[in-house]
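Visitor: Sharing a sequence plus its predicted fold:
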Amino acid sequence: MKKLSLLLFIFLLMTTIPVYAQEEVSIVVDSCKIKGTLEVPKSNNPIEVALIIAGSGPTDRDGNSKLLPGKNNSLKLLADCLFKNGIASLRYDKRGIGESDKVKEEEMTFDQLVTDAVEWVHFLQKDKRFSKIFIIGHSEGSLIGMMAAERTNTDKFVSLCGTGQPAYSIIEEQLIGNNLPQELLKECRVIMDSLKHGQTVKNVNLALVALFRQSVQPYLISWFKYDPCVEISKLKIPILVVGGTTDIQVGIKDAELLSRANKESIVVTIANMNHILKEVLSKDINEQIQSYGNPELKLSNELERNILKFFKE
């Protein structure tokens, strides 16, 4: 009898485990192989799929960066949330990051990242398992995502903690916030003004080399060309703009700027959500740093609720 009960328990357990296909997929763009993870809930009919685009720097498909201790798995958790609610997702390592092909920094441009996202949308459009395609862009991925959405037949767009200002304005704000000495701040402004006009700068103060090294200047030139408010204004699809009150990297005002730029958008401010989409009660730097390396910390419940509501409408 005990053996029968045990078998029944195992059977019930197995039947409650979601059945899905997790596939390692890739595309090749301009000879660069870009790898991603596609998660598809079991369904007898075509379902919605979301393309998840990571933020700046060496941030991988799961939302983790080699520059930070530990993992937060924010984008992986987001994909898990979608999956549990019947929505497929594709998240990927941008070119030069994670398992995607390495590229020389001096050959990287922002426009390449947009083209890559466009090609991923085309990849999903060819898959008959999917009915509608959404784009979710996090941080820098927000600008990439809105530009990709404008160039493809995408159904909905979500900006998560995306900036509402050109990159050079954000950089200047962060430098001021970190109390950069006035003389260095003046030098930064001169350098950024040159880059805004498409001109590289040869002689960079050693104190600023990490930010404006020669090899990264071509990327900054290509990035500085775009204003997120201008780009989001071009979209004619439903838009959800999300910001968090404890985000120490991108302020709430950026979400408001994006929303005002497109009157058809919905803006949601989530209390106690930080930049990696986790619930953190304050902007205390120690608490923030701890969250960036804690994969056990769950995503904001309000974030999940609002994204699912937006996709289901």
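Guide: That came in fine, so what should we check first?
Visitor: Three-state assignment for Glu183, please.
Guide: Secondary structure, DSSP: H, G, I helix; E, B strand; the rest coil: Glu183 is helix.
Visitor: Could you measure from it over to Val190?
Guide: Between Glu183 and Val190 the distance is 11 Å, computed by CB to CB, to the nearest Å. Where C-beta positions appear, they are placed from N, C-alpha and C, glycine not excepted.
Visitor: Ile248 too?
Guide: Using CB to CB, one obtains 27 Å as the distance from Ile248 to Val190.
Visitor: what's the answer for Glu119, then?
Guide: The spacing between Glu119 and Val190, counted by CB to CB, is 37 Å.
Visitor: out of these two, which sits in the more crowded spot?
Guide: The residue with more neighbours, out of Glu119 and Val190 and counting by other CB atoms under 10 Å, is Glu119; that gives 17 against 11.
Visitor: Tell me which helix or strand comes right after whichever helix or strand the more buried one is part of.
Guide: Element membership of Glu119, judged by DSSP states H and E, is helix 110-125. Proceeding C-terminally, helix 110-125 gives way to strand 130-138 as the next helix or strand, assigned by DSSP H and E.
Visitor: That next one: which residues count as buried?
Guide: When burial is assessed from 16 or more other CB atoms under 10 Å, strand 130-138 yields the following buried residues: Phe130, Ile133, Phe134, Ile135, Ile136, Gly137, His138.
Visitor: Please apply the same query to stretch 284-291.
Guide: The neighbour-count criterion (16+ other CB under 10 Å) identifies Gln288, Ser291 as the buried residues of stretch 284-291.
Visitor: could I get it in PDB with only the CA atoms?
Guide: Below are the C-alpha coordinates for stretch 284-291, written out as PDB (Å, rounded to 0.1, in the frame of the first residue of the first chain):
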ATOM      1  CA  ASP A 284      21.700  52.300   0.000                       C
ATOM      2  CA  ILE A 285      24.700  51.300  -2.000                       C
ATOM      3  CA  ASN A 286      25.600  48.300   0.100                       C
ATOM      4  CA  GLU A 287      22.000  46.900  -0.100                       C
ATOM      5  CA  GLN A 288      22.000  47.600  -3.900                       C
ATOM      6  CA  ILE A 289      25.400  45.800  -4.400                       C
ATOM      7  CA  GLN A 290      24.200  42.800  -2.500                       C
ATOM      8  CA  SER A 291      21.100  42.500  -4.700                       C
END
